[in-house]
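# quick one, what's the 3D model for this:
(2 chains)
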2 protein chains.
Amino acid sequence: MGQQSLYTVIPDGSITLPKGFKAGGLHCGLKKTDRHDLGAIWCEVEAAAAGVFTTNLFQAAPLLVTRESLATGQGKLRAVLVNSGNANACTGKQGEADARQMRASLAEQLGVEPHQVAVASTGVIGELLKMDRVSEGIRQLPGKLRDDRKGGDDFCQAILTTDLVQKTSCVSVQIDGQTVTIAGAAKGSGMIHPNMATMLGFVTTDAVIGPSLLQELLREVTNVTFNMITVDGDTSTNDMLLIMASGLAGHRELTREHPDFAAFAAGLRHVCTELAKAIARDGEGATKLIETVVSGAVSDAAAAAIAKTIIGSSLVKSAMFGADANWGRIIAAVGRAGQPVNIETVDIRIGDIVVLEQSRPIPFDEDAALAYLKGDTVHIYVDLHMGEGRATAWGCDLTYDYVRINAAYRT
Amino acid sequence: MGQQSLYTVIPDGSITLPKGFKAGGLHCGLKKTDRHDLGAIWCEVEAAAAGVFTTNLFQAAPLLVTRESLATGQGKLRAVLVNSGNANACTGKQGEADARQMRASLAEQLGVEPHQVAVASTGVIGELLKMDRVSEGIRQLPGKLRDDRKGGDDFCQAILTTDLVQKTSCVSVQIDGQTVTIAGAAKGSGMIHPNMATMLGFVTTDAVIGPSLLQELLREVTNVTFNMITVDGDTSTNDMLLIMASGLAGHRELTREHPDFAAFAAGLRHVCTELAKAIARDGEGATKLIETVVSGAVSDAAAAAIAKTIIGSSLVKSAMFGADANWGRIIAAVGRAGQPVNIETVDIRIGDIVVLEQSRPIPFDEDAALAYLKGDTVHIYVDLHMGEGRATAWGCDLTYDYVRINAAYRT
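Purely as a prediction, here's the structure:
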């Protein structure tokens, strides 16, 4: 846990805290409620930018347009436009034209080039956007952009769908003696119709860093944060994580050799980890966060595959909902993950309670286990005693409410 | 469907119908209820035998012992012994010794060699068998073996745990003008504690066929039947499918070149398909069977991967429970299956209702869809229009009862 000292958590930070950023949101009429459904982040200078996108083959129109912006601008952005209430996915040529028009409209309002704007959407699949409402919203949006906490909060509200809570995280790190801020906002799983686990994440920072290093780092960090959460195993058509770096902190440009690169990477990882955990905890119907740590695997990749198999098991998830220290389901998940396992040397611990040692059941205090498992966070530790591979994954329990939410007829 | 004419379904057939087989069951005290929990199949001659076993690395003790029997006897068996109520999994050296003792005891009772007996278990994980009860049961078991329907029914009851219905299938085929019978019995998903989807299947036939061809054929058939069902994606430690061929039908030994080999293969596939579908339909908490047919894929393997991704999606399963024709979740599953897909040419049909054509949403009659989806069997058809690859997978819906059953504390 030596990384802790590399950054400082800013509990009330917002994506508008890094120098150069404004954000805002408003209700344009895509959601049935009066909550915000259109938002933007704006950078007063050209920001180095990077993105990671869903691996689902059916990528929604805004992802195509955003990838194009990043490619055309060679990793530079001025703004991100996001709507909720409609995913603009499986909408064909018209959907792509709509995403392009959204991008062009905001660019015009802000006086920048279209390729300097990224677009993201989340919500209903297979329906065309109500572009009259979106266009009117875009006209009003520049007037809503603020560089304070309220701007960040308005944006956060604008990207939510059925999420129960806003998800933000913020840290500061010291680079060349300058204070650099990294802040993130995300939305998680829960769509009104047809209900997919759609993940959007946006990170702002005033660090000085080039787009290609930013892209490399974002992918590395994503692999151990957002890519290690599972709500229901369904990869959405709209998942997107974007980072923008204004460079206004005024330190020497970050490289991998820079003495404070590790601090920046640790800070970014903290922000992404907190957002990822917040998404897992707020998974559809979830009552608790489950964190699974697999150690002693032959490689980090093997540990990650096993951790994700455990966290994705419907049987493990149901047992956690029922506060049942059901190690049989955990070891069965370990055994089917397709990774090397010595079947004689597995330890399993649930919280502080050892339930399996060297693959042998250990009698434990069922009352203590029940009390622990009724809490809002459960830790599962699996040690394979084979090597140095290690990974952490996050998920949530499987509950009646998950079924209720997802069995609800779409209308 | 030309295969239909190759065999004749025998609706009231039983595993005792093929010539040479007896079966039976009794209550020895492993289950808390008074239902049978110990059963056996006996062949009056040495039967060619073959088995397929779970791919889970944590294989239960009886699987190790049964594999050893098949290896030692070079694919010959006289009997199978099964208990329910305790899986004898994660029970270490004592569990292995217990499985060996079960095998030796029944062999002694029946006057055969230990390696002529296979052993299977299903139930609780991580607890030692109450061997006094098992041993007493084994002493009584030979007296319970019968060559009639009651013998088959007693065996079927003895292998069930929380299954709601017995699962059997039987066909006859003509080989060299002789009537050959193939019959199967299986149990599916549902354990009292700690609840795993444990599949056991037993097939008897009086066909004349050597063990190595029988093994090859069993694996081929398993790949398109039992390996194409999913209840919750969790592969058990105890899954086992065994087949025994008495050879008493008296035809020329089957080879792949035999003119009636195709009839035998089709008959066996029918039996395994019916058992697999019965297991899927009786999945924990399930209210309906879901059959997914993927066609037009680049290969059968690609079609199989996509079909299993759809049938395994918690979101698709929840939607089916809610009678929601939610094609967005189906196409999202297609897109994340890791297989080649042309994103412009996908058709999706739910029953007779076309919902997506050439990847474009087709307006459909929601009332008709609702009425169809409220039935007890739902068909999902996905045509990728890329090649000739085709596969069928079976699953069930995700319901409140699944969560209730699996969240129940183990006591």
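
# show me what counts as buried in the longest strand along chain A.
Across chain A, the longest stretch assigned as strand under DSSP state E is strand A:38-53. By 16 or more other Cβ atoms under 10 Å in any protein chain shown, the buried positions in strand A:38-53 come out as A:38-43, A:46-53. Every C-beta, even on glycine, is put in place using the N, C-alpha and C of the backbone.

# which residues in the stretch 201-350 of chain A form strands?
A:229-230, A:240-245, A:289-297, A:347-350 (DSSP state E, counting those that start in this stretch).

# most packed of the ones you listed?
Stretch with highest mean neighbour count among those: strand A:240-245 (a mean of 28; mean count of other Cβ atoms under 10 Å in any protein chain shown).

# packing partners of it?
On a contact count with 3 or more Cβ pairs under 8 Å, 6 or more residues apart in numbering or on different chains; DSSP states H and E, strand A:240-245 meets strand A:38-53, helix A:61-72, strand A:76-86, strand A:117-124, strand A:200-205, helix A:211-224.

# how about that strand as CSV, C-alpha atoms only?
This file holds the C-alpha atoms of strand A:240-245, laid out as CSV (Å, rounded to 0.1, in the frame of the first residue of the first chain):
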residue,chain,number,x,y,z
MET,A,240,-16.5,4.6,-23.1
LEU,A,241,-13.8,6.1,-20.9
LEU,A,242,-12.3,9.4,-21.9
ILE,A,243,-9.5,11.4,-20.3
MET,A,244,-8.5,15.0,-21.0
ALA,A,245,-5.3,16.7,-19.8
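
# contacts for the helix-or-strand element of chain A with minimal mean pLDDT, please.
Lowest on mean pLDDT, DSSP states H and E among the helices and strands of chain A sits strand A:229-230, with a mean of 78. Residues outside strand A:229-230 that contact it (Cβ atoms under 8 Å, 6 or more residues apart in numbering or on different chains) are A:Ala276, A:Lys277, A:Ile279, A:Ala280, A:Lys308, A:Ile311, A:Gly312, A:Ala393, A:Trp394, A:Gly395.

# now these as TSV including neighbour count and pLDDT?
Output for those, formatted as TSV (neighbours: other Cβ atoms under 10 Å in any protein chain shown; pLDDT from 0 to 100):
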residue	neighbour count	pLDDT
A:Ala276	28	86
A:Lys277	20	89
A:Ile279	26	85
A:Ala280	25	85
A:Lys308	23	91
A:Ile311	27	92
A:Gly312	21	88
A:Ala393	27	93
A:Trp394	26	92
A:Gly395	31	90
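
# picking that back up, direction included, what does the least confident helix or strand of chain A pair against?
strand A:389-396 (parallel) (DSSP bridges).

# for the next helix or strand after the strand it pairs with, name the packing helices and strands.
Using DSSP states H and E, the helix or strand that follows strand A:389-396 in sequence is helix A:400-407. Under the contact criterion of 3+ Cβ pairs under 8 Å, 6+ apart, helix A:400-407 touches helix B:314-321, helix B:400-407.

# which stretch among those comes nearest B:Leu248?
Between B:Leu248 and these, the tightest spacing by Cβ to Cβ is seen for helix B:400-407, at 41.9 Å.

# give me the contact list for the closest one.
A:314-315, A:318-319, A:321-322, A:324, A:398-400, A:402-404, B:162, B:190, B:195, B:232, B:283-286.

# for that helix, the distance to its chain's centre please.
Relative to the chain's own centre, helix B:400-407 is displaced by 22 Å; criterion: Cα atoms, centre = their mean, to the nearest Å.

# what average pLDDT does that helix get?
Mean pLDDT, helix B:400-407: 84.

# if we can go back for a sec, adding distance to B:Ile380, write the strands of the stretch 201-350 of chain A out as CSV.
Below are the strands of the stretch 201-350 of chain A laid out as CSV (distance: least, Cβ to Cβ, whole Å):
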stretch, distance to B:Ile380
strand A:229-230, 23
strand A:240-245, 28
strand A:289-297, 30
strand A:347-350, 37
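
# nearest to A:Glu366, of these?
Smallest distance to A:Glu366 across those (Cβ to Cβ): 11.5 Å, for strand A:347-350.

# walk me through which strands the closest one pairs with, and which way each runs.
Sheet pairing for strand A:347-350, using DSSP bridges, gives strand A:353-357 (antiparallel), strand A:377-383 (antiparallel).

# tell me which of those strands lies nearest to A:Gly247.
strand A:377-383 (37.1 Å).

# ok, and for stretch A:146-156, which residues are buried?
Neighbour count says stretch A:146-156 has A:Arg146, A:Asp147, A:Arg149, A:Gly151, A:Gly152, A:Asp153, A:Asp154, A:Phe155, A:Cys156 buried, by 16+ other Cβ under 10 Å.

# ugh, wrong one, stretch A:296-315
Across stretch A:296-315, burial judged by 16+ other Cβ under 10 Å covers A:296-300, A:302-315.

# with stretch A:26-35 instead?
By 16+ other Cβ under 10 Å, the buried positions in stretch A:26-35 come out as A:Leu26, A:His27, A:Cys28, A:Gly29, A:Leu30, A:Lys31.

# thinking again about what came up before, show me the two of the contacts of strand A:229-230 that sit farthest apart.
Across the contacts of strand A:229-230 (Cβ to Cβ), the longest gap, 16.0 Å, separates A:Lys277 and A:Gly312.

# how about the residues of the stretch 1-150 of chain A by chain B?
A:Thr55, A:Asn56, A:Leu57, A:Phe58, A:Ala89, A:Cys90, A:Gly92, A:Ile125, A:Gly126 (Cβ under 8 Å from any Cβ of the partner chain).

# doesn't the fifth one belong to a helix?
No - according to DSSP: H, G, I helix; E, B strand; the rest coil, A:Ala89 belongs to no helix; its state is coil.

# in terms of pLDDT, where does the closest residue to A:Ala120 other than its chain neighbours sit?
Using Cβ to Cβ, 6 or more residues apart in numbering or on different chains and skipping residues adjacent in sequence, the residue nearest A:Ala120 is A:Val82, 4.5 Å away. Looking at A:Val82, its pLDDT reads 96.

# can you report how many residues lie near A:Val82?
The tally of other residues near A:Val82 (other Cβ atoms under 10 Å in any protein chain shown) stands at 26.

# follow-up on the earlier one: export the buried residues of stretch A:26-35 as a markdown table, with columns for pLDDT, distance to A:Val65 and secondary structure.
Output for these, formatted as a markdown table (pLDDT from 0 to 100; distance: Cβ to Cβ, whole Å; DSSP: H, G, I helix; E, B strand; the rest coil):
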| residue | pLDDT | distance to A:Val65 | secondary structure |
| --- | --- | --- | --- |
| A:Leu26 | 98 | 21 | strand |
| A:His27 | 97 | 23 | coil |
| A:Cys28 | 97 | 19 | coil |
| A:Gly29 | 95 | 22 | coil |
| A:Leu30 | 94 | 18 | coil |
| A:Lys31 | 88 | 22 | coil |
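
# let me know the closest of those residues to chain B.
The shortest approach to chain B among the buried residues of stretch A:26-35 belongs to A:Leu30, at 16.7 Å (Cβ to the nearest Cβ).

# correct me, but that closest one touches A:Met131?
No - with contact defined as Cβ atoms under 8 Å, A:Leu30 does not count as touching A:Met131 (10.5 Å).

# what touches both of the two?
In contact with both A:Leu30 and A:Met131: no residue, using Cβ under 8 Å, 6+ apart.

# of the residues of the stretch 1-150 of chain A next to chain B, buried ones?
A:Asn56, A:Leu57, A:Phe58, A:Ala89, A:Cys90, A:Ile125, A:Gly126.

# is the first one in a helix, a strand, or coil?
Following three-state DSSP, the label given to A:Asn56 is coil.

# so it sits against A:Met240, correct?
No - the pair A:Asn56 / A:Met240 is not scored as a contact, 11.3 Å apart, by Cβ under 8 Å.

# now do the shared contacts for the two.
With Cβ under 8 Å, 6+ apart, A:Asn56 and A:Met240 have no common neighbours.
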